[in-house]
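1. I would like to see how this sequence folds:
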Amino acid sequence: MILILVSLLIAYFFTGCEMVFIHIDGTSMDRPAYVCGPLYQKFIVGAIWPYVSKRNEELNWFLCAYIGFGVITAIFLALLTPHLSYVWAIAILLTIRPLPFIGPAFNILCTLISSPLFALLSLFFKWKIPGAIERFNSEQEYRQQQRKFRKQFRRLG
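-> Residues are numbered from 1 along each chain as shown. A predicted model of the protein is given here:
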């Protein structure tokens, strides 16, 4: 029982952080005003991510991400707690999460859970992918296409 509670609390923190980072990396059109504010303001917005994401019409998306983070965190803690105390397991998780290779791997595992969940729930509840997330994904694709074009252009010239 404590494993589930701790996992959900950590997942809440991770989801708030991801929401803030997605808004920071998004297009300038989709960038909320708090992104330009001080660090404490970003922390407060991350702490109240359900309210902020509801106002931005992204609650369904981040709710599925929250469930994905909860599952991955619970699995991680379930693997570590037989060998370590909860305090050490949480400290290890919070320490390795921002590392360059671990963070993206953690996000990929979360995406493998949250994307099918969002797709399934969107069939029943007629949810749509938030416009800011769609534009963020298409901007990333555009950047990749630009890189390929530049490589091809360099080969020709």
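
2. Poorly predicted segments of this structure, please.
-> Within the chain, the segments meeting pLDDT under 70 span 26-30, 132, 135-137, 139-140, 142, 156-157.

3. Give me the nearest residue to the residue sitting nearest the centre point of it, chain neighbours excluded.
-> The centroid of the chain falls nearest to residue 18 when counting by CA atoms, centre = their mean (3.8 Å). In this structure, residue 18 finds its nearest non-sequential neighbour in residue 65, 6.4 Å apart by CB to CB, 6 or more residues apart in numbering. The way it works is simple: take the backbone N, C-alpha and C, and place the C-beta from them, glycine included.

4. How is that neighbour assigned, secondary-structure-wise?
-> helix (DSSP: H, G, I helix; E, B strand; the rest coil).

5. go on, residue 57?
-> The three-state label given to residue 57 by three-state DSSP is coil.

6. Can you give me the neighbour number for residue 73?
-> Residues lying near residue 73 (other CB atoms under 10 Å) number 26.

7. Isn't the residue nearest to residue 18 up against residue 110?
-> Yes. Contact criterion CB atoms under 8 Å: residue 65 and residue 110 qualify, at 6.4 Å.
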